[in-house]
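Asks: Fold the following for me, if possible:
(chains A and B)
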Amino acid sequence: MRPEEGTLISRAQALAALLELLTDQPVIICNGFPSREAHKIADRPTHFYMIGSMGNAPAIALGVALAKPNKQVITFDGDGNVLMGMGTLATVGALKPKNFIHVVFDNEVYGTTGNQPTISNVVPLEKVAKAAGYVNVERVLDREDLVYEFKDMLKKDGPSMLLIKVNEFAEDAGRVLHEPPDITKRFMKAIE
Amino acid sequence: MIESDAFVQALQDMGGDFFTGVPDSILGGIIAELMVRRLYTPAVREDEAVGMAAGAYMAGKIPAVLMQNSGLGTSLNTLISLNMIYRQPCILIVSWRGQGGKDAPEHLVMGEVMPQFLDTMKIPHRTLTEKTAVEDFKWVAETFMKQRIPVALVITKGVVKGLHP
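Replies: Next up is the predicted model:
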């Protein structure tokens, strides 16, 4: 579905809106199209682009958040990713890091492998997060609500989850060109 | 037998300042000591613990992850497609369940193949003994710093004091 054909925005449009509101916060971005698209829209040294270890983005972000309690840490995640590492919602909910914002782009498919369906059409992931102990959770369907809620979450103590329903459209975005060890080094220096 | 507090102190002396993992009975004394020192962040799965350790490393910490050897299976993808390729080291404190074929059935296969498994995954490893403990810890610290990948210190039953003497 092309973005102009549906009522939902694309993940890339959502990413662009979020990145406009961020400056130098550490952002851990899950594998697949989210990393590629974020890299294409705005390549910042504070971005940690994942290429593998699906399901681990919030765990990595949690490690950063616990080690740097004075920095607000963001993770960009997908519905397939959250489902794979769902236990981490419980760990975040139990530890309650105030500086943790979990953004989930929910397109109800595994986009990188050919749009096979996930089960997020029937499992509301933000409600799972709320039940696990996230303090603020919101589900948004358009750009205006996304901007309003994300700005609000940036001002609040977390942990927070912003679930954004997006369409299946994927940008024409190539692989992230930085070598993985360079991504690590650059990110470490940027968040020192 | 090595006392749990001496073991934890050795990890702290080499710079270890972020501890997470999933428990095992062999590691019970170490985890209890870490909790007394308020240093332990419990994880729900070993791959999550390895992910948290990677984040903590990038935020300036020296992380250690405790797990039983079955957790190596659970965390394998994270170890090889995150830590290895991104050069993110952590200290793996792995208990050797099923060593010598004397354990519950679920531990026997991993117990038998674990050293070859770690070799195949190119994870440097060493088995702690009381006699060589000082060198063992030194080797862990040097390998961590030099190779910048996960390094495993394997703990066999009875080497570090557990919860039940």
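Asks: Show me the residue sitting in the middle of chain A in space.
Replies: A:Phe76 (1.3 Å; Cα atoms, centre = their mean).
Asks: What residues are bridge-paired with that residue?
Replies: A:Ile29, A:Val103 (DSSP bridges).
Asks: gap between it and chain B?
Replies: 14 Å (Cβ to the nearest Cβ, to the nearest Å). Every residue, glycine included, has its C-beta placed from N, CA and C.
Asks: Could I get the pLDDT score of that residue?
Replies: Among the per-residue scores, A:Phe76 shows a pLDDT of 98.
Asks: is it true that it touches A:Cys30?
Replies: Yes. If you go by Cβ atoms under 8 Å, A:Phe76 and A:Cys30 touch, sitting 6.3 Å apart.
Asks: shared neighbours of those two, anything?
Replies: Shared contacts of A:Phe76 and A:Cys30, defined by Cβ atoms under 8 Å, 6 or more residues apart in numbering or on different chains, are found at A:Ala57.
Asks: hey, where'd the helices end up in chain A?
Replies: A:11-21, A:33-41, A:57-67, A:79-84, A:87-95, A:125-132, A:143-155, A:180-190 (DSSP state H).
Asks: For chain B, which residues are neighbours of chain A?
Replies: B:18, B:41-45, B:47-61, B:63, B:77-78, B:81-82, B:85-88 (Cβ under 8 Å from any Cβ of the partner chain).
Asks: By neighbour count, sort out the buried ones in the residues you listed.
Replies: B:18, B:41-45, B:47-59, B:61, B:63, B:77-78, B:81-82, B:85-88 (16 or more other Cβ atoms under 10 Å in any protein chain shown).
Asks: Just give the nearest non-adjacent residue to A:Asp157, would you?
Replies: A:Lys98 (4.1 Å; Cβ to Cβ, 6 or more residues apart in numbering or on different chains).
Asks: What of A:Leu89?
Replies: Nearest one to A:Leu89, counting by Cβ to Cβ, 6+ apart, is A:Ala132 at 4.5 Å.
Asks: ok, how many other residues are close to the residue of chain A found nearest chain B?
Replies: Residue nearest to chain B within chain A (Cβ to the nearest Cβ): A:Gly63, separated by 2.4 Å. Counted with other Cβ atoms under 10 Å in any protein chain shown, the neighbours of A:Gly63 add up to 30.
Asks: Give me the phi and psi angles of the closest residue to chain A within chain B.
Replies: Closest contact between chain B and chain A, by Cβ to the nearest Cβ, is at B:Gly55 (2.4 Å). Dihedral angles of B:Gly55 (phi, psi; degrees, to the nearest 10) stand at phi -60, psi -40.
Asks: mind listing the helices for chain B?
Replies: Going by DSSP H, chain B shows helices at B:4-13, B:28-36, B:46-58, B:70-78, B:85-86, B:108-120, B:133-147.
Asks: For residue 62, the count of nearby residues, please.
Replies: If you meant another chain, say so; for now it's chain A. Residues near A:Leu62, counting by other Cβ under 10 Å: 30.
Asks: The chain in question should be chain B.
Replies: B:Ile62: 21 neighbours (other Cβ under 10 Å).
Asks: Once you drop chain neighbours, what's closest to it?
Replies: B:Gly15 (4.2 Å).
Asks: Isn't A:Ser53 up against B:Gly51?
Replies: Yes. Counting by Cβ under 8 Å, A:Ser53 does reach B:Gly51; the two are 6.9 Å apart.
Asks: B:Trp96 - how many residues pack around it?
Replies: 23.
Asks: Quick one: residues contacting B:Gly111.
Replies: By Cβ under 8 Å, 6+ apart, the residues touching B:Gly111 are B:Asn69, B:Trp96, B:Arg97, B:Gly98, B:Gln99, B:Gly100, B:Gly101, B:Asp103.
Asks: now that we have those residues, which one has the most neighbours?
Replies: Neighbour-wise, these (other Cβ under 10 Å) top out at B:Asn69, 25 neighbours.
Asks: residues in contact with that residue?
Replies: B:Asn69 touches B:Val94, B:Ser95, B:Trp96, B:Arg97, B:Gly98, B:His107, B:Met110, B:Gly111, B:Met114, B:Val154, counting by Cβ under 8 Å, 6+ apart.
Asks: Identify the bridge partners of the last one.
Replies: Beta-bridge partners recorded for B:Val154 (DSSP bridges): B:Val94, B:Thr127.
Asks: What about the closest residue to A:Gln116 other than its chain neighbours, how many residues nearby?
Replies: Sequence neighbours aside, A:Tyr110 is the residue nearest to A:Gln116 in space, at 4.8 Å (criterion: Cβ to Cβ, 6+ apart). Using other Cβ under 10 Å, A:Tyr110 has 19 other residues around it.
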